[in-house]
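Chemist: dropping the sequence and predicted coords here.
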Amino acid sequence: MAEVFAHTVARPTWHSDDERDHGPRAIVDPDAGPRSWLIDGGTSAAAPLVAGMIALWDQQAKQSGLPRPGFVPPLLYSIAHHAPGSFLDITTGGNSVFANVSCCAATPGFDMASGLGSPLANQIVTQLHH
């Protein structure tokens with residue numbers, strides 16, 4: 001079932017000097033199986049990335065003496081309304097996983113497949129100063 005959600009690519013040449021078997025992970029794990037890198041997506045990939053961005057925004061706000069973001073969803077919707085260029089609008093594709101089960105298609109603007117779009121951290125951090 002895992003192949004439905006991810007696929008593998010060859011290990012980069014710059015990482016080939018390591019003789020240990022990392023398997024499909026970027027960390028040492030001798031029990032992981034054949035050498036490859038795992039490419040994943042969806043909430044499992046996005047949630048930690050967005051959490052990291054929020055932590056960096058919080059640090060920058062604190063260091064700049066600005067109010068810290070706090071509960072972020074209302075802030076993101078406000079930024080999307082006032083500075084729509086702070087998100088990359090995803091307009092094609094969707095989040096169907098199986099051929100016979102579809103949910104939502106990406107369309108211009110807010111949609112159930114990609115929400116506000118992909119946050120552009122450098123654009124959003126400039127909006128935190130306003």
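Modeler: Sure thing, it's come through.
Chemist: ok, then the element right after the longest helix seen in the chain?
Modeler: Looking across the chain with DSSP state H, the single longest helix is helix 43-64. Sequence order places helix 72-82 as the next helix or strand after helix 43-64, per DSSP states H and E.
Chemist: quick one, that following helix and helix 43-64 angle?
Modeler: 80 degrees (axes from the mean of the first three to the mean of the last three Cα atoms, to 10 degrees).
Chemist: show me the contacts for the closest residue to H82 other than its chain neighbours.
Modeler: Leaving aside its chain neighbours, H82 sits nearest to Q127 (7.3 Å; criterion: Cβ to Cβ, 6 or more residues apart in numbering). C-beta: built from backbone N, CA, C; applies to glycine. Going by Cβ atoms under 8 Å, 6 or more residues apart in numbering, Q127 touches I79, H82, A83, S86.
Chemist: that older thread, got the contact list for the longest helix of the chain?
Modeler: L66, P67, R68, P69, V72, P119, A121, I124, V125, L128, H129.
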